[in-house]
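Novice: with the sequence up front, the predicted model follows.
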Amino acid sequence: MIYAANFKMNHTRNSTADYMEKLAKRMSEKSGGDRVMVFPPATALDSYTGDFTIGAQNAYPAVSGAYTGETGVLQLEEFGIKTLLIGHSERREIMGESQEAVAEKFQFFCSEGFEIVYCIGEPLEVREQGEEAVTAYLLAQFEGIDTRYKKLTVAYEPIWAIGTGRSATVEEISRTHKMLKSHVKCALLYGGSVKPENIQEIAAVDGVDGVLVGGASLEVESFMALVTAGKV
Ligand code: PEP
């Protein structure tokens, strides 16, 4: 299992350092084959030591240059960061990142050899139209994306389940992951209100190779409750 923590715009540089120190001490509690990833905010990126991977939540598709307010490869590599989250629904919906922009970012960071956690997910109105509409919507989010890229992990995150406390049901996750697994061969994470109370049933679903967690990852205790409760 992969356990990925997305801090979003939470935590400071100080509180992230404190979190990483605590997390590093707890990594012996995870199962041997499991992997932990943490995506802190850009201001808290650093070369943290521990049995986990640090990734960036976002970056601009350039090494460096005249891109005010952005973070490029140069700034990430200073901290040895070679892992990037791309296509999170908050970036697509709030920051208005189009599929074209997301694909451009994907292609650039592939060419730089980055490991990519690529997020897809449908809004509620699409889910309410039924399975066929969900499939069409999700597959459209692979436009311009090389799903055979070796360092790719896909995260399926239904938008209506993110930060709402309402996770998708086990049946919904199972059906959607099965459909996605027939299109992509890489590891497939589920994200959307994963918490200590539902991790066991979600981790047990066939085709769930890990979870991407927002709210429940913000405290080490709660994130570790997920890491230690998931499937072995
Ligand atoms: C996320 O935004 O990636 C996420 C899954 O958030 P939450 O766990 O808070 O629903």
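Specialist: Sure thing, it's come through.

Novice: ends of stretch 82-89, what's the gap?
Specialist: 21 Å (C-alpha to C-alpha, to the nearest Å).

Novice: next: stretch 45-56.
Specialist: In stretch 45-56, first residue to last residue: 7 Å (C-alpha to C-alpha).

Novice: that one near the ligand at all?
Specialist: No. Stretch 45-56 stays clear of the ligand (C-beta under 6 Å from any ligand atom), getting no nearer than 12.4 Å. All C-beta spots, glycine's among them, are computed from the backbone N, C-alpha and C.

Novice: please list the outside residues in contact with that stretch.
Specialist: With C-beta atoms under 8 Å, 6 or more residues apart in numbering as the test, stretch 45-56 has contacts from 4, 13, 16-17, 20, 23-24, 27, 30, 35-40, 42, 71, 75-76, 79-81, 83-85, 115, 117.

Novice: report the rounded mean pLDDT for whichever strand or helix holds A225.
Specialist: Counting by DSSP states H and E, the element that carries A225 is helix 220-229. Averaged over helix 220-229, pLDDT sits at 96.

Novice: can you list the buried residues in it?
Specialist: Going by neighbour count (16 or more other C-beta atoms under 10 Å), the buried part of helix 220-229 is 220, 223-227.

Novice: farthest-separated two in these?
Specialist: Spanning the widest gap among the buried residues of helix 220-229 are V220 and L226, at 10.9 Å by C-beta to C-beta.

Novice: which residues touch A17?
Specialist: Contacts for A17 (C-beta under 8 Å, 6+ apart) come out as 44, 46, 48.

Novice: so what pLDDT did the nearest residue to G192 once chain neighbours are set aside get?
Specialist: Distances taken as C-beta to C-beta, 6 or more residues apart in numbering put A161 closest to G192, at 2.8 Å, once the chain neighbours are dropped. Per-residue pLDDT puts A161 at 95.

Novice: what is the neighbour count of the residue lying closest to V208 once chain neighbours are set aside?
Specialist: Distances taken as C-beta to C-beta, 6+ apart put Y190 closest to V208, at 5.2 Å, once the chain neighbours are dropped. Neighbour count for Y190, taken as other C-beta atoms under 10 Å: 27.

Novice: kindly report the same for T12.
Specialist: T12 is flanked by 12 other residues according to other C-beta under 10 Å.

Novice: so what pLDDT did it get?
Specialist: For T12, pLDDT reads 98.

Novice: any idea how far the ligand is from it?
Specialist: As judged by C-beta to the nearest ligand atom, to the nearest Å, T12 and the ligand stand 19 Å apart.

Novice: hey, where'd the strands end up in this protein?
Specialist: Assigned by DSSP state E, the strands in the chain fall at 2-6, 35-39, 53-54, 83-86, 115-120, 152-156, 187-191, 210-213.

Novice: still on that earlier bit, the residue nearest to G192 against I173, yeah?
Specialist: No. Checked against C-beta atoms under 8 Å, the pair A161 and I173 is beyond contact range at 9.4 Å.

Novice: so what's the residue in the chain that the ligand sits nearest to up against?
Specialist: Residue of the chain nearest the ligand, by C-beta to the nearest ligand atom: G214 (2.4 Å). By C-beta under 8 Å, 6+ apart, G214 lies in contact with 6-8, 162-163, 191.
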